[in-house]
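Dropping a prediction and its sequence here:
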Amino acid sequence: MAISNLKFFGLLFAFRLFNAILAKGTYMDPDETWQSLEVAHYLVFNAGFLTWEWRHHLREYSYPLIFALVYKTIYILGLDDINVILVYSPYVVVALISTLFDHYNYRFIETYYGNSVAKWGVLLSATSWIMFGHFSRPLSNSIEAMLVTAGFSHWPWKGIKKYARDNEFKKHSLLALSFAALSCIFRPTSGVIWISAVILTLHGLPMYRKIELCLYGTIVMIPAVAVMMVINRIGYGSWSIPLYNFYRFNLSEDLGSWFGESIPIFHFIASIPIIFTILLPAIFYGIANATKAKDSLDPLWVGIATTIIYSFSTHKEYRFLFPILSLGYLYASKGLFDYSGPLPSSPLELVKTLLSGSEQNSKKTGNNNNKKKLQSGNKTKNSEAKFSLRTILLFIVCVNVPISLYTTLLQQPGVVKVMSYLNAEGLKGKVSGVGFLMPCHSTPFYSHFHHDLPMWQLSCEPPLKWEAQEFENNPTEFIEKYLVDKENGKEFDPTMYHLWPSHLQPIGIDQC
């Protein structure tokens, strides 16, 4: 079941492609379209809606640029009139990102605890509802998590013997720092993770290694900053530093709380339980065994430090912690291996175990590829464990599958279906304009409606313009005040008023 096998990687990609296409039919988070696909559509077709973050230079253009390249390729090939290709092609990229996360998650755990434990990591990420229902969407948090995990898989963690050799230390440090730089290009906030990792790693290294690591970091950082600047210059049309604007908005002026404010410990009491759910006992068990075995706990401290620093922002969402998913899978995999032993050697045998209950002897690890000995060992034999391997596997599947199906089939499908309906009506020439009297960003926009026709929605821009709230307070007064007839709309201000559309979608989208 080694993920290095090309055939298995292909099967995993096919699974993630199915996953992404299924997820495309529902709506979990406005950012999955408004901060990626919508921006890319605007860049290529000059038709799209840029939210206030882009007008105020708060966002990095690197992630939308990936989808812009996809759209540009479709346009060059003359396929942009085929709606199915235009709408679904970005999700091939999403599937690849998810597959690469699975791959590097395996590599990270294999480097730290060996092949047998790493197989558990593949199983946990493949069955996770958070991976299936939320990660596999066009969110910048997902590519950040993938690149961070890729960096973790090469990071010179303490106690890994191969990094004691100078040539291996140099090779893997440069690779890790390159992935770290890429993650910062897509989401500069991941710098928090890497600063934590560097500080922990430098402690205990000999002086020449400290100098070496800092030198490599400088070598990688300078071109990364240059690339980031150039990408934003292409996107914004002028030199800009979104990271500074982002800091000023979220921390200095605290305008991020406009979109919701959470208590300081939100990530610890809500985000972590949400993204790991039933794996928390296995994570704690793995940490306990790692502590007994005197393994380096640097990955744990990186995760804790990152969560604490992210907690200083008043606006918090659990997807902000996607980059620490692999850290949780590391300790959950170790905990489950120590408790239940190794998984069957192939996916087919795994299915047989799940269905028939036939289990391998936990002593037969067959692990000749471990990069590091499991000092804690498999102290709890499978025959002595309270729960059998099959019971644990069934529990993991039975909890995750229903949530995964709900989030990809039943979580707000109407807001996506209405765009498909409008797009089809537009092809028939039956649409002259669309208005959404709903909370802002409730639906995808031009990325799912490829027509040169006017669309508008209720705004929710901080700190003053909040049409959504004004409409909710008095719908009749809002319509009479802000909606104007076409014949009287020649000299109206589009920033203040809206033209009457041919299609008006009010709240109640779940009935679409």
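In hand now; what should we look at?

And the residue nearest to the spatial centre of the chain, how far from residue 102?
Per Cα atoms, centre = their mean, the C-alpha nearest to the average position across the chain is that of residue 142, at 2.0 Å. According to Cβ to Cβ, to the nearest Å, residue 142 stands 12 Å off from residue 102. C-beta here means a position set from N, CA and C on the backbone, and glycine is covered the same way.

Then residue 226?
Taken as Cβ to Cβ, the span from residue 226 to residue 102 is 31 Å.

Over to residue 96?
Relative to residue 102, and taking Cβ to Cβ, residue 96 is found at 11 Å.

if you count what's nearby, which of the two comes out ahead?
Neighbours were tallied for residue 96 and for residue 102 using other Cβ atoms under 10 Å; the higher tally belongs to residue 102 (25 against 16).

ok, for that one, nearest residue in space, not its chain neighbours?
In this structure, residue 102 finds its nearest non-sequential neighbour in residue 125, 5.1 Å apart by Cβ to Cβ, 6 or more residues apart in numbering.

Looking at that neighbour now. What's its pLDDT?
On pLDDT, residue 125 comes in at 98.

Might you report the residue contacts of it?
101-102, 105, 131, 325, 329 (Cβ atoms under 8 Å, 6 or more residues apart in numbering).

Which of the residues you listed fall within helices?
101-102, 105, 325, 329 (DSSP state H).

Closest one of those to residue 472?
Closest approach between the ones in helices among the contacts of residue 125 and residue 472, by Cβ to Cβ: residue 325, at 36.0 Å.

How many neighbouring residues does that closest one have?
By the criterion of other Cβ under 10 Å, residue 325 has 26 neighbours.

Residue 121 is in contact with that one, correct?
No - taking Cβ atoms under 8 Å as the definition, residue 325 is not a contact partner of residue 121, at 10.4 Å.

what sits in contact with each of the two?
residue 105.

Against residue 350, how distant is the residue nearest to residue 343 when sequence neighbours are not counted?
In this structure, residue 343 finds its nearest non-sequential neighbour in residue 119, 4.8 Å apart by Cβ to Cβ, 6+ apart. As for residue 119, its distance to residue 350 is 9 Å (criterion: Cβ to Cβ).

neighbour count winner among those two?
For the pair residue 119 and residue 350, the greater number of neighbours falls to residue 119 (24 against 17), based on other Cβ under 10 Å.

And that one, what's its pLDDT?
96.

Figure out the helix or strand that it lives in.
helix 115-127 (DSSP states H and E).

distance between that helix and the chain's centre?
19 Å (Cα atoms, centre = their mean, to the nearest Å).

Same question for stretch 225-238.
For stretch 225-238, the separation from the chain centroid amounts to 23 Å (computed by Cα atoms, centre = their mean).

Any buried residues in that stretch, and which?
By neighbour count on 16 or more other Cβ atoms under 10 Å, the buried set for stretch 225-238 is 228, 231-232, 235.

From the ones in helices among the contacts of residue 125, pick the one nearest residue 170.
Lowest distance from residue 170 to the ones in helices among the contacts of residue 125 (Cβ to Cβ) belongs to residue 105, with 24.4 Å.

OK, contacts around that closest one?
The neighbours of residue 105, taking Cβ under 8 Å, 6+ apart as the test, are 121-122, 125, 149, 325-326, 329.

Would you show me how to pick out the buried ones of those residues in ChimeraX?
Buried residues within these, by 16+ other Cβ under 10 Å, are selected in ChimeraX with:
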select :121,122,125,149,325,326,329
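
Distance to residue 180 added to the contacts of residue 105, as JSON lines?
What follows is these, written out as JSON lines (distance: Cβ to Cβ, whole Å):
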{"residue": "121", "distance to residue 180": "21"}
{"residue": "122", "distance to residue 180": "23"}
{"residue": "125", "distance to residue 180": "21"}
{"residue": "149", "distance to residue 180": "11"}
{"residue": "325", "distance to residue 180": "17"}
{"residue": "326", "distance to residue 180": "14"}
{"residue": "329", "distance to residue 180": "19"}
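
Could you single out the nearest of the contacts of residue 105 to residue 221?
Nearest to residue 221, judged by Cβ to Cβ, of the contacts of residue 105 is residue 149 at 20.0 Å.

residues contacting that closest one?
Per Cβ under 8 Å, 6+ apart, neighbours of residue 149: 101, 104-105, 108, 323, 325-326.

same thing with residue 152?
104, 108, 176, 299, 326-327.

How about stretch 152-167, which residues are buried there?
152-157, 160, 163.

pLDDT on it, on average?
88.

Start and end of that stretch, how far apart?
18 Å (Cα to Cα, to the nearest Å).

quick thing: my sequence starts at 187, can you match it?
Shifting the count to begin at 187 puts that one at stretch 338-353.

now that stretch, how far from the chain's geometric center?
27 Å.

What is the least confident helix or strand in this structure?
strand 684-685 (a mean of 70; mean pLDDT, DSSP states H and E).

what lines up beside the helix or strand following that one in the sheet?
Where DSSP H and E defines the elements, the next helix or strand beyond strand 684-685 is strand 689-692. Next to strand 689-692 in the sheet, as set by DSSP bridges, lie strand 620-623 (parallel).

Show me what counts as buried in the partner strand.
620-623.

For residue 693, report the pLDDT, please.
Per-residue pLDDT puts residue 693 at 61.

Repeat that for residue 501.
Per-residue pLDDT puts residue 501 at 87.

Need the three-state assignment for it.
Of the three states, residue 501 takes coil according to DSSP: H, G, I helix; E, B strand; the rest coil.

Please determine how far it is located from residue 535.
46 Å.

Next, work out how far apart the residue lying closest to residue 247 once chain neighbours are set aside and residue 594 are.
Excluding the flanking residues, the one nearest residue 247 by Cβ to Cβ, 6+ apart is residue 421, at 3.0 Å. For residue 421, the distance to residue 594 (Cβ to Cβ) stands at 31 Å.

starting at the chain centroid, how far to stretch 519-537?
For stretch 519-537, the distance to the chain centre is 26 Å (Cα atoms, centre = their mean).

what's the burial count for residue 480?
Neighbourhood size, residue 480 [other Cβ under 10 Å]: 10.

Need the phi and psi values for residue 641.
phi -130, psi 150 (degrees, to the nearest 10).

does it have beta-bridge partners, and which?
Where residue 641 sits in a bridge, its partners, by DSSP bridges, are residue 620.

Tell me who's in contact with it.
Applying Cβ under 8 Å, 6+ apart, the residues near residue 641 are 235, 619-622, 631-632, 635, 687.

from those, which has minimum pLDDT?
Lowest confidence among those: residue 687, with 77.

roughly how far apart are it and residue 222?
Taken as Cβ to Cβ, the span from residue 687 to residue 222 is 25 Å.

what do you get for residue 246?
In terms of Cβ to Cβ, residue 246 sits 11 Å off from residue 222.

quick one, which of those two is more surrounded?
Between residue 246 and residue 222, counting by other Cβ under 10 Å, residue 222 is the more crowded of the two (27 against 23).

can I see the domain layout of the chain?
Per automatic domain parsing, the structural domains of the chain span 192-214+275-594, 599-697.

ok now the longest one, how far from the chain's centre?
Put simply, domain 192-214+275-594 sits 11 Å off its chain's centre (Cα atoms, centre = their mean).

Need the distance between the two termini of that domain.
With Cα to Cα applied, domain 192-214+275-594 spans 28 Å between its terminal residues.

Residue 537 - how many residues pack around it?
12.

Confirm it sits in a helix?
Yes - with three-state DSSP as the criterion, residue 537 is part of a helix.

Provide the contact partners of stretch 447-462 at residue level.
The contact list for stretch 447-462 (Cβ under 8 Å, 6+ apart) reads 316, 466, 469, 493, 496-498, 500-504, 506-508, 511, 514, 518.

what's the answer for stretch 278-286, then?
195, 198-199, 202-203, 205-207, 209, 252-253, 256, 317, 321-324, 328-329, 332, 336.

quick one on the thing from earlier: what helices or strands is the host helix or strand of the residue nearest to residue 247 leaning on?
Secondary structure assignment for residue 421, by DSSP H and E: helix 393-422. Contacts defined by 3 or more Cβ pairs under 8 Å, 6 or more residues apart in numbering; DSSP states H and E place helix 393-422 against helix 248-262, helix 352-372, helix 377-388.
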